[in-house]
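S.K.: coords please:
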Amino acid sequence: MRKMKLKLTPQKINFYFYVFLIFFGILITYSLFTFLYKNFYETITQSEEILILQGKVIIETVDINKFNEVIGKLDQKIMPQPIINFKNPFLASDQNQK
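M.R.: Numbers count the residues shown, from 1 in each chain. Below you'll find the model as predicted:
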């Protein structure tokens, strides 16, 4: 078998160079638009949503005394109850009866 020689002419080199430049340009353009979309456009739309939603928020005064009362009742509800008449299983049976 004979080895084939690679024939590189200046025209082929120019053609491949231009193909590479076009591909690289498309890749850079895609990356630029993706960056701008994620970092600028999405941020602007989120800030616009916040501004729109701020106008829709109902401002309501909170009675601090009632709020603290409710929080206190919730704290009492979740606190463990003291155990009454607990017999310790690790002590001897004659000591439990005291």
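S.K.: C-alpha from now on. contacts and neighbour counts both.
M.R.: Fine.
S.K.: can you pull out the helices in the protein?
M.R.: For the chain, applying DSSP state H gives helices covering 10-36, 42-56, 64-78, 93-96.
S.K.: quick one: closest of these to K3.
M.R.: Closest to K3 of these is helix 10-36 (C-alpha to C-alpha; 20.2 Å).
S.K.: okay, the angle between that closest one and helix 42-56?
M.R.: 20 degrees (axes from the mean of the first three to the mean of the last three C-alpha atoms, to 10 degrees).
S.K.: could I get the helices of the chain as CSV with mean pLDDT and distance to N85?
M.R.: Below are these laid out as CSV (pLDDT from 0 to 100; distance: least, C-alpha to C-alpha, whole Å):
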stretch, mean pLDDT, distance to N85
helix 10-36, 95, 68
helix 42-56, 84, 57
helix 64-78, 92, 21
helix 93-96, 57, 10
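S.K.: of the ones you listed, which is nearest I84?
M.R.: Nearest of the helices of the chain (C-alpha to C-alpha): helix 93-96, 13.4 Å.
S.K.: what is the neighbour count of N14?
M.R.: Residues near N14, counting by other C-alpha atoms under 10 Å, number 11.
S.K.: cool, G72 as well?
M.R.: 11.
S.K.: mind putting the helices of the chain in TSV, distance to K87 included?
M.R.: Below are the helices of the chain laid out as TSV (distance: least, C-alpha to C-alpha, whole Å):
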stretch	distance to K87
helix 10-36	68
helix 42-56	59
helix 64-78	24
helix 93-96	6
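S.K.: nearest to M4, of those helices?
M.R.: M4 lies closest to helix 10-36 among those, at 16.8 Å (C-alpha to C-alpha).
S.K.: and the closest one, what does it pack onto?
M.R.: Where contact means 3 or more C-alpha pairs under 8 Å, 6 or more residues apart in numbering; DSSP states H and E, helix 10-36 is not packed against any helix or strand.
S.K.: run the chain-centre distance for that helix.
M.R.: Its chain's average C-alpha position is 34 Å from that of helix 10-36, according to C-alpha atoms, centre = their mean, to the nearest Å.
S.K.: can you mark which positions in that helix are buried?
M.R.: Within helix 10-36, not a single residue qualifies as buried, counting by 16 or more other C-alpha atoms under 10 Å.
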